[in-house]
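[1] when you get a sec, could you give me coordinates for this:
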Amino acid sequence: MSFSKQILVGLLAGVAVGLFLGERAAVFAFAATGFVKLLQVTVLPYMTVSLVANLGRLDYQQARALALRAGSILLCLWAIALVLAALFPLAFPVVETARFFSTTVVEPPATFDFIDLYIPSNPFFSLANNIVPAVVLFSVLLGVALIGMENKAVVLDMLGAAAKLLSRATKMITRLTPYGLFAIAANAAGTLDVVQLARLQVYLIVYSAAALFLSLWLLPGLVAALTPLKAREVLARCRDAFITAFVVSDLFIVLPMLIEATKELLERHDIGGEERRTLPDVVVSASFNFPSTGKLMSLSFLLFAAWFADTPIDVARYPQLAATGLLSFFGSLNAAVPFLLDVFRVPADTFQLFVATGVVNSHFGALAAASHTVTLALLATAAMAGKLRIEAVRLARYGIVTVALAAVIFGGGRLLFESVLRPTYTQRGVLMSMQLRTERADAVVLRELDVPAAGESGTTLERIRQRGALRVGYFADALPFAFFNGAGDLVGFDVELAHALARDLRVRLVLVPIDRERIVEAIEARTVDVVMAGVAITTERMAEISFSASYLDETLAFIVPDHRRDEFRDWEALRADDDLKLAAPDLPYYVELIRRALPRADVEVRTDIEAALRSGDLGADAIVAAAERGSAWTLLYPEFTVVVPQPGLMRIPLGFPLVRDEAWRDFVNQWLELKRKDGMLDELYSYWILGRDAAERQRRWSVLDDVIGVGRE
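    Numbers count the residues shown, from 1 in each chain. Prediction:
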C-alpha cells in the first residue's frame, strides 16, 4: 500500500472510530497531541539550518533577484486571497442576531508587539519558544552574512550535513503519520461540538468551499497557467503534505515535506537547474515569515462578523480592511482579529465566534497555506530560471474557469442559505429556557403582594428565624437578575442568590413582587427583608434605605437600533450632537449621570423601557441602560443592540436594599464575601450575564450509544 493510501486509510478509520465511540474517543487526545508535538521536533532546526545554508550558497545578485521576483509573486497571491475574501458577503442571507453580554465590549482591544515578534534580541529564546518570525529573521541575517564570507565552503558543508541529518529524522517521524492522523481524526470526530458549529453553518460552509477552491484550483491552476507543470500533477505530488496539514491544521510541521515535493516537481520538468536544489528551501522557509493566502482568508471573518452583528462593512472600506488586515496578520490571528474588530466597529464579542469557527476553519486554512507555500516556491524558482510563460489563451482559460467556479460557490451558497439552510434565530429561546443551576431552597413565589408585616419583633435575623422564612422582594422584569422564563419559573442571577441565602439560613424562601417605585416603602414596612433584583446603588436611595456592599458593577451603555450602532460608539461625537434625544429609566442617578456626560442631550424619563422595545419605536435616538441587562433585552428584541461608548467607562454598582439593621447588613455583607470567595458569584456571572452554557449541551451522537444502545439508561 502506498504511503498516501496509508494516510487516507488512517484518516477514514479514525473518523469511523470517532463516530462509533462518540465522546469516548477523547481517549485518543493524548496520542493526537503527542504526534503533533513529535512532528514539530525537527521543523524549526531544519528551517534554520537550511535557510542559512541555502542563502549562503547564493551571491548578492541572486539574492536581490530572488527577493524581487518572489516578492512580486507573493503580492499577486495576496491579491488573489483578498479578492476571494471580499466575495464572501455575496453568500450571506439576511437574519436576526443578538448575543449575551461579553466582557470584550468593555475591555480595551488586544495589542501585539511587532518588535518582539520579529526582532530576535535573544535568538536562543526565540528558538526555545517557537517564535518563528524572529527565528527566520535571525536565519536570514546569518545567511546573508554567509554570502560574502571567504572560505564559506567549510561552513556550507557542515550546514549541508546538518540539514541532511534533520531531513532524515523528519522522514523517520513522518512514517508515523497514518497512525497520528488516525488518533487526531478519531478524537475530532468523536468530540466535535456539532450543535455549536450548526449555528455558524453559513460561514463554515462558505469558508470551506472557498478554501478548497483556493487550494485545489486557484493556486495549482495558476502554476499550470504560468509554468510547464499541470495542476493535477502538483496536487498528486503534494497530496500527503496537504492531507497532513489539513488534518493536523498546522502548516509548520509539513514544511520539510513541501520542500521535498517542490524540488521533485521542479526536477521532473528540469526547471531551475542547480538552483532548484537550494531555492525551494529559501523560499519556503522565508515565506513562513509572511501571511499566507490561507491566513488572509481569515479576513472574511470580519465581513461575516459584521454581517452577523447586522453592521455590514461598506464596500468603500474594503481597501482599508485589506491593508490593515495584511499588516495585522503578520502577527497572531488571535491578537489581530480582536484588533480589526475594534478598528471596523464590529462587536468585539464576535471574537468568540472566530474561536468556534476555528475548530473547522483552521484545517481548511492550513490546507490553503500549504498550497500557497508550494505555489510560491514553484513560481519563484521558475521566475529565477526564466521559465515563467505568459500566454493569453492559457490565462484566459484559467480566468474563465475561475470566474465560473466562484459564481457557483458564492451564488450557489446564497441560494442554499436563502432556501434550504436559512439560519433561524434561537437566542430568545435560549434565554427563556434558562433555569436555576444550584440547589433550590423550599420556596414560594408570590405573583401579587400579600405578605403581613405585623406581629414580629427583634432583629431582622431573629424575625427571619421566628417566621421560618426569608422574604425577598423581586421585580418581574429585571433581566437577567430576576424574570419569569418560558416555563413560568422565576429565575435569574439574584433569584439564584436568594435561594442560596435562604438555604444557608436554613429557612423557607418567600419571593415577593414589588414595584421599583415602592422599594423604600416595602423595606420600611418590613414587607420584605431584602430586595434582590439587580438594584442600582444610588445616592438618593442610600439616603433613604440601607444597602449591602456592591456585589456586581454594571456598565453604562445605550440600547439602539442595529443600523444606528456606529453613531453611539464615541463619547466625543455624542457630546457634539445638539439633536440627541435619549430615554432613561426613572432613576435620578442615571439621569444625572447621563446629563453630566452629555450636557446637550435631551433626556426623557421613561417608566416602561420594555414597552418601547416591544413596539419597535423607542421614541428617542437611544435608551440609556446598563450593558449587562441591555444585552439580555436584545436577546428578546434582536432588532436592537447594545453599544458602550469609548473611551472611558461609567460603572454602576449593584447591591441589595435591606431593612435598616446593622447586624443584618453585616451578615449579608459577610455572606456575599463568602459567595465571592467560594466562586459562586463568578459562576452565576458566567451563566446569567455571559450566557456560557446557557444552551444545554447535547450529548454527541455515536453508533455505540444511539445504534447499538450500550450507553442508554
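[2] and the contacts of stretch 508-518?
    By CB atoms under 8 Å, 6 or more residues apart in numbering, the residues outside stretch 508-518 that reach it are 441-449, 451, 468-476, 490, 495, 498-499, 502, 522, 527-528, 531, 586. (C-beta placed from N, C-alpha, C; glycine too.)
[3] oops, could you answer that again for stretch 166-178 instead?
    3, 6-7, 9-10, 35, 38-39, 41-43, 45-46, 49, 240, 244, 256-257, 260.
[4] and if you look at stretch 42-57?
    63, 127, 130, 132, 135-136, 138-140, 142-144, 146-147, 149, 152, 155-156, 159-160, 162-163, 166-167, 169-170, 173, 252-253, 255-256, 259, 278-279, 281-282, 285-286, 288.
[5] tell me the contacts of Ala322?
    Leu82, Ala86, Leu299.
[6] could you single out the nearest of these to Arg99?
    Leu299 (21.6 Å; CB to CB).
[7] what's the first helix or strand after the worst-scoring helix or strand of the chain on mean pLDDT?
    Lowest by mean pLDDT, DSSP states H and E among the helices and strands of the chain is helix 194-198, with a mean of 58. Remark: after helix 194-198, the chain's next helix or strand is helix 201-213, criterion DSSP states H and E.
[8] so which other helices or strands are in contact with that following helix?
    helix 299-308, helix 351-384, helix 392-418 (3 or more CB pairs under 8 Å, 6 or more residues apart in numbering; DSSP states H and E).
[9] just the buried residues of the helix or strand just after that helix, please?
    Next helix or strand after helix 201-213 toward the C-terminus (DSSP H and E): helix 219-226. Neighbour-count burial for helix 219-226 flags Leu219, Pro220, Gly221, Leu222, Val223, Ala224, Ala225, Leu226 (criterion: 16 or more other CB atoms under 10 Å).
[10] neighbouring contacts of helix 219-226?
    Residues contacting helix 219-226 (CB under 8 Å, 6+ apart): 77, 80, 229-232, 234-235, 293, 368, 371-372, 374-375, 378-379, 382, 388-391, 394-395, 397-398, 401-402.
[11] quick one: Tyr474 from Val510, how far?
    According to CB to CB, to the nearest Å, Tyr474 and Val510 sit 11 Å apart.
[12] the two: which has the busier surroundings?
    More crowded of Tyr474 and Val510, by other CB atoms under 10 Å: Tyr474, with 25 against 21.
[13] surely the more buried one meets Phe493?
    No. Contact between Tyr474 and Phe493 fails when scored by CB atoms under 8 Å: they sit 11.4 Å apart.
[14] tell me the pLDDT at His372?
    On the pLDDT scale, His372 is placed at 92.
[15] Pro228 reaches Arg268, doesn't it?
    No. Assessed by CB under 8 Å, Pro228 is found out of contact with Arg268, at 9.5 Å.
[16] just the strands in the stretch 501-650 of the chain please.
    Under the criterion DSSP state E, counting those that start in this stretch, the stretch 501-650 of the chain contains strands at 508-513, 530-531, 535-536, 546-547, 552-561, 581-585, 602-606, 622-626, 640-643.
[17] now tabulate these in JSON lines and tack on distance to Leu58 and mean pLDDT.
    Output for the strands of the stretch 501-650 of the chain, formatted as JSON lines (distance: least, CB to CB, whole Å; pLDDT from 0 to 100):
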{"stretch": "strand 508-513", "distance to Leu58": "79", "mean pLDDT": "92"}
{"stretch": "strand 530-531", "distance to Leu58": "77", "mean pLDDT": "92"}
{"stretch": "strand 535-536", "distance to Leu58": "69", "mean pLDDT": "88"}
{"stretch": "strand 546-547", "distance to Leu58": "75", "mean pLDDT": "91"}
{"stretch": "strand 552-561", "distance to Leu58": "57", "mean pLDDT": "89"}
{"stretch": "strand 581-585", "distance to Leu58": "66", "mean pLDDT": "87"}
{"stretch": "strand 602-606", "distance to Leu58": "70", "mean pLDDT": "85"}
{"stretch": "strand 622-626", "distance to Leu58": "62", "mean pLDDT": "88"}
{"stretch": "strand 640-643", "distance to Leu58": "55", "mean pLDDT": "86"}
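[18] out of those, the one nearest Phe308 is which?
    strand 640-643 (11.6 Å).
[19] contact partners for Leu11?
    Here Leu11 is in contact with Leu181, Phe182, Ala185, Ile243, Val247 (criterion: CB under 8 Å, 6+ apart).
[20] so how far is Gln320 from the last one?
    Spelled out, it's Val247. 36 Å.
[21] who has more neighbours out of these two?
    Val247 (23 against 13).
[22] hmm, the more buried one is touching Ile184, no?
    Yes. Counting by CB under 8 Å, Ile184 is a contact partner of Val247 at 5.5 Å.
[23] which parts of the stretch 51-200 of the chain are strands?
    Going by DSSP E, counting those that start in this stretch, the stretch 51-200 of the chain shows no strands.
[24] can you give me the helices in it?
    With DSSP state H, counting those that start in this stretch as the criterion, the stretch 51-200 of the chain has helices at 60-86, 114-118, 123-128, 132-147, 153-174, 177-191, 194-198.
[25] who wins for proximity to Ser215 among the ones you listed?
    Closest among those, once you apply CB to CB, is helix 60-86, at 11.2 Å.
[26] which pLDDT value goes with Leu479?
    88.
[27] what does the pLDDT read for the nearest residue to it once chain neighbours are set aside?
    Spatial nearest neighbour of Leu479, excluding adjacent residues (CB to CB, 6 or more residues apart in numbering): Ala632 at 4.0 Å. pLDDT, Ala632: 89.
[28] could you measure from Ala632 over to Leu200?
    On the measure of CB to CB, Ala632 and Leu200 end up 22 Å apart.
[29] more neighbours, those two?
    Neighbour count, other CB under 10 Å: between Ala632 and Leu200, Ala632 has more, with 25 against 20.
[30] how is this protein divided into domains?
    Per automatic domain parsing, the structural domains of the chain span 3-92+114-418, 430-550+656-689, 554-653.
[31] with respect to Phe101, which of those domains lies nearest?
    So among these, domain 554-653 is nearest, using CB to CB, at 3.8 Å.
[32] for stretch 12-30, measure first residue to last.
    19 Å (CA to CA, to the nearest Å).
[33] and that stretch, what's buried?
    Applying 16+ other CB under 10 Å to stretch 12-30 flags 13-15, 17-25, 28-29 as buried.
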